[in-house]
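S.K.: this one's sequence-less:
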């Protein structure tokens, strides 16, 4: 339509539309705006707009119209490529380039758009043999050699546009061609043109680096070419083998390591290239922007690997040159702030990229200098990082650089057997010392000192969300701990000495305060500065000691680190065991006052230094000085003791090749040392729980230490022999101060610990007595309360409610303590409560938080116990859950929630119900019950009398939940995840129940599946795909056509087909989608053939048609006719993988 | 609901209006007296001054009668007053001259409470007449 109108009319129409679009919102209506947009859209779609566009570019003065004209050319060239004369394409490209050259004052966005059009033309032509676009490089090199900065900048823009266009990343324009096309272009480009661009860039950089004085305009050009070089060196090289890369390549990749193809060998192994970047950096390092690019170029060169190296020798030579250059660059300069991160990137890249064998093949002297330089750099960055913290800078560049270097150290020393023995000891000592120094107060350390030596001391408000240092700096601490182990001979005694000294000083300081208080009795006058400095010193010393002595692996048995074990063994001949035990057993005494204290085991002495700290703390609390103490230090102590106890307490000799005598004598099984320390830790826990009930985090760490003590049977056996343990149990059961002042989570964990302890080894009388102390009072109090005649009247009283809440919390704690060998007794105990709890649902229906807590008890019981329950017991649990759901549903009838935009915790009950249902379902696939082995024949099998099944309960629950789940609620991630977990489980486990659902429910279930598949996260999409196969299988089983489920699966076939074949999807999903597709294809073979036919008939290119048709044939070849048979399914999945690799790129379009 | 205020001051004979509880043992959705008013706790967070400081609890509560927001911050070792809240459910049997007729559990009638103003009042009225 546009072509019919004369050019001047088109221009004036476009110009007035541009005016509308550019106008402020108040000046034009939405309709006017939409109309204007429409004009541009249809203009860009018009057929062969080249002449009009040329005319516009030459005459119009409106930038936006120029921009649109460039866009129109770009889109039309791609659209009409096959129809266009090759010569007219050539002349078009020349026109665009000349146009830009002749108009240096174009708006930047117009110029970039025109260059983009040029780049797209070059790219589209690169696979077309009938047209040669190579001349562009010749033109560009001429532009560069012109010496005119403006022209050179333009040349750089052209190259940048080409680079973005060919990179096949998210920077590539959407030109509607297949991924395969993009991939092939990229592969050709990176072999030749990219290298040519790199060479051009290197020439420019060489030229500039030789010049003495650069004016502002020239250094601007310099900077652009440097950025271009960085872009080339960060190129994500597409490997020659095809495969899945087609699908994944449009994902934006960050931190690409340089892995060029073989053809780059000559270029990149040329030392002059690397030298150039060092020279460039030296020249511009004071300009922080440019320095970032030059260092990044070097970091990319330091990450080089792959086929570009012919052999290991070449790698050694390359690395040696790199390291030499790096050392020359760093030595003798004062590093700028802006260089820190870049330099640490170079080092971290080279350490993680080059194999150990290459590192060790470096000339000895060079390697030593490198390690030495790395050591100095690490210490220096560490100090600067500490300074940044003092100054509270927003941009912590040194901290980032320091983290990187410490991480590199960890990589190095973790494989230290490849290196000369002991070569890292001295460096480790230095880095360790400097870390300690930065974290200690003056005069030993430099903490909180600014550069000119002034101490800054600010008390800031810290909220509960702020992570503890032990988490916040866990990576740093892990590295420092590792270095400490490497240099154990130095580091362990150092830590011990410092900690003992601080503890002695803390003790003295507290004593002075006590005397002072007794004299003036006004705690307000105490100056906390000295105390706080000591606390902070102790804080860091304990953290480092904890990380040095032990690891905290999740889910594995932690072992004593081999370096620590060897260290203790090495010195065991000089050690006097008795003195060591004496030192350990007398935390109240000064270590140095014990005769022969220098002949004690150093590992044990470090532990006892922490015990001494703990003892000073405990004594201070007894002397009513709690207010002067630091809860942070209290946390550090119990955190350390827990970490230590997991690894060292009752050390199992079987786990070690060799064991240190002092360690096994002091902490081995059946030793007095172990018994003593268990007693000591228990006392510490009890003291903390009463003194620190007001510090939630400290109380929590404390009770976690208690759990650690009882969760392992061997340790628990010792614990239950302590009288203190029994006192604790009684005290907690009586719900009296101080334990009842603890926060609810702490009380819950405490209950868990008490229950766990009950399964330690005891004779049957003792055991009975124990349960009588721990569990029965709970039951008794509860029954007494709810059976009171006037319970209905008093139940809403706050005190009564609190008692109920405390009981419910305790029940959760009991459920949490479930293990396979105690489930039988705990289940029976909890079942008695569950029915009473349902009664409470009625009573407290207007108190949501209590209702939630009641449901939570059910959730916990199901979560922890159902997998162990046999048939009869499970049935009991199902029944009681069903009753709970009935009551919940009745109470929910007509209930209104405050407002739709309410917060997530308003829907806590819904979440809990779904969690409960999911937990009940989990029985179907995680089942440890061995015909009630755990219940030792307590029950008779009663398969025939199955009253309630899991399916009944769950479907009943879904009936309640589904109508309540609206689209709005799915926006809450926790609700959404739980919901999909639940409904997909149901489809997988009870597919036979799905067709029986009421119509409305069925519909919304299917809608949910579709929604989850198409518009939720990939995790949920995968869940939904997994739910489809069982549904399709169900349909096949019944052989009924035209049932709602049958029709629904037909719809899903199309969805999955499109998803797999046409859309760019996550590769992780191929398997789930493939399985779903296969079963759906089996069910709807005719519809599948139809889908394939339609797809093929849309292909106009005969070659592509044939490729696709062949691919579809071989896809189903191994499974014709498709049947639901495992073997065929597996064969199909295999063919599918090939299918996606072969033609996935053809159909997926960008 | 402001006219229910009188209930708070009267209390049951002999029962204390409040009881003390350590700040750390309070929980969200529980009750506490803030600025002399009985409040339902809607937000509770802890903080400390300096790394080695002791915990302080920041409490936000909604006055259970007026719906007004009250805040307080105090050391977590402190004892706070917890109001003795008693909740009674009445069944509405009728509305006369703007006053509600409420049936107690023991069968007695209570007729001293006004129909609330605004939307809530209208809703109550409309529901009452549909019986």
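M.R.: Thanks, I have the structure now. Everything numeric in this text was worked out from a predicted model, so none of it was measured.

S.K.: Can you name the residues of chain B that neighbour chain A?
M.R.: Within reach of chain A by Cβ under 8 Å from any Cβ of the partner chain, chain B has these residues: B:19, B:21-25, B:27-31, B:45-55, B:75-77, B:82-89, B:105. Every C-beta, even on glycine, is put in place using the N, C-alpha and C of the backbone.

S.K.: filter these to the buried ones?
M.R.: Neighbour counting with 16 or more other Cβ atoms under 10 Å in any protein chain shown marks B:21-25, B:27, B:30-31, B:46-48, B:50-55, B:76-77, B:82-85 as buried within the residues of chain B next to chain A.

S.K.: can you tell if stretch A:883-895 touches chain B?
M.R.: No: applying Cβ under 8 Å from any Cβ, one finds stretch A:883-895 out of contact with chain B, separated by at least 11.1 Å.

S.K.: ranges for the strands of the stretch 151-300 of chain A?
M.R.: Taking DSSP state E, counting those that start in this stretch as the criterion, the stretch 151-300 of chain A contains no strands.

S.K.: low-confidence ranges in it?
M.R.: For the stretch 151-300 of chain A, the stretches flagged by pLDDT under 70 are A:169-170, A:240-254.

S.K.: can you check chain B too?
M.R.: Answering for chain B: the residues below the bar, that is pLDDT under 70, span B:1-15, B:129-131.

S.K.: Just the ones in helices from the residues of chain B next to chain A, please.
M.R.: Taking DSSP state H as the definition of helices, these contribute nothing to them.

S.K.: Burial check on residue 122, number of neighbours?
M.R.: Reading this off chain A. For residue A:122, the tally of surrounding residues (other Cβ atoms under 10 Å in any protein chain shown) stands at 24.

S.K.: Can you look at chain B instead?
M.R.: Tallying neighbours of residue B:122 according to other Cβ under 10 Å, which is how burial is gauged here, yields 12.

S.K.: any idea whether it is helix, strand or coil?
M.R.: For residue B:122, the secondary-structure state derived from DSSP: H, G, I helix; E, B strand; the rest coil is helix.

S.K.: Could you list which of the residues of chain B next to chain A belong to strands?
M.R.: Among these, DSSP state E puts B:19, B:21-22, B:31, B:45-49, B:55, B:75, B:82-83 in strands.

S.K.: ok, so of the residues you listed, who is nearest residue A:566?
M.R.: residue B:48 (41.2 Å; Cβ to Cβ).

S.K.: OK, contacts around that closest one?
M.R.: The contact partners of residue B:48, taken as Cβ atoms under 8 Å, 6 or more residues apart in numbering or on different chains, are A:461-462, A:631, B:54-56.

S.K.: For the spatially most central residue of chain B, grab phi and psi.
M.R.: Central residue check for chain B by Cα atoms, centre = their mean: the C-alpha nearest the mean position is that of residue B:64, 2.8 Å away. Note on residue B:64: backbone dihedrals following degrees, to the nearest 10 are phi -70, psi -20.

S.K.: What distance do you get for it to chain A?
M.R.: The gap separating residue B:64 from chain A is 12 Å, by Cβ to the nearest Cβ, to the nearest Å.

S.K.: Go ahead and confirm that residue touches residue B:41.
M.R.: No: in this structure, residue B:64 sits apart from residue B:41 without contact. The criterion is Cβ atoms under 8 Å, and the distance is 10.7 Å.

S.K.: list residues touching both of those two?
M.R.: residue B:31.

S.K.: just checking, residue A:77 touches residue A:119?
M.R.: No: using Cβ under 8 Å, residue A:77 makes no contact with residue A:119, being 11.5 Å away.

S.K.: which of those two has more neighbours?
M.R.: residue A:119 (24 against 21).

S.K.: That one - that's part of a strand, no?
M.R.: No: using three-state DSSP, the secondary structure at residue A:119 is helix, not a strand.

S.K.: Enumerate the residues of chain A near chain B.
M.R.: Counting by Cβ under 8 Å from any Cβ, the residues of chain A lying close to chain B are A:459-464, A:528, A:531-532, A:535-536, A:539, A:627, A:630-633, A:693-697, A:740-744, A:793, A:796-799, A:805, A:846, A:848-849.

S.K.: List buried residues within those.
M.R.: Neighbour counting over those (16+ other Cβ under 10 Å) leaves A:531-532, A:535-536, A:539, A:630-633, A:693-697, A:740-744, A:796-798, A:805, A:848-849 as the buried ones.

S.K.: Among those, name the ones in helices.
M.R.: The subset of these located in helices under the criterion DSSP H comprises A:531-532, A:535-536, A:539, A:631-633, A:696-697, A:744, A:798, A:805, A:848-849.

S.K.: And the helices in the stretch 401-550 of chain A?
M.R.: Using DSSP state H, counting those that start in this stretch, the helices of the stretch 401-550 of chain A run over residues A:425-439, A:469-472, A:474-486, A:488-520, A:529-549.

S.K.: okay, the angle between the last one and helix A:488-520?
M.R.: So the one you mean is helix A:529-549. Helix A:529-549 runs at 150 degrees relative to helix A:488-520, counting by axes from the mean of the first three to the mean of the last three Cα atoms, to 10 degrees.

S.K.: Output the contacting helices and strands for helix A:529-549.
M.R.: Contacts defined by 3 or more Cβ pairs under 8 Å, 6 or more residues apart in numbering or on different chains; DSSP states H and E place helix A:529-549 against helix A:425-439, helix A:469-472, helix A:474-486, helix A:488-520, helix A:602-622, helix A:631-648.

S.K.: one more time with 10 Å
M.R.: With contacts defined as 3 or more Cβ pairs under 10 Å, 6 or more residues apart in numbering or on different chains; DSSP states H and E, the secondary structure elements packing on helix A:529-549 are helix A:425-439, helix A:469-472, helix A:474-486, helix A:488-520, helix A:562-570, helix A:602-622, helix A:631-648.

S.K.: other SSEs contacting the fifth one?
M.R.: Meaning helix A:562-570. Here helix A:562-570 touches helix A:474-486, helix A:488-520, helix A:529-549, helix A:602-622, helix A:661-667, going by 3+ Cβ pairs under 10 Å, 6+ apart.

S.K.: Just the mean pLDDT for it, thanks.
M.R.: For helix A:562-570, mean pLDDT rounds to 96.

S.K.: can you list contacts of it?
M.R.: Contacts with helix A:562-570, where a contact means Cβ atoms under 10 Å, 6 or more residues apart in numbering or on different chains, come from A:413, A:416, A:482, A:484-489, A:491-492, A:548-550, A:559-561, A:575, A:601-604, A:606, A:647-648, A:651, A:656-664.

S.K.: can we see that at 6 Å?
M.R.: Contacts of helix A:562-570 with the rest of the structure, by Cβ atoms under 6 Å, 6 or more residues apart in numbering or on different chains, involve A:485, A:488, A:601, A:603, A:660, A:663.

S.K.: what comes up buried for whichever helix or strand residue A:1108 is part of?
M.R.: Following DSSP states H and E, the helix or strand that holds residue A:1108 is helix A:1102-1117. Neighbour-count burial for helix A:1102-1117, counted by 16+ other Cβ under 10 Å, picks out A:1104, A:1107-1108, A:1111-1112, A:1115-1116.
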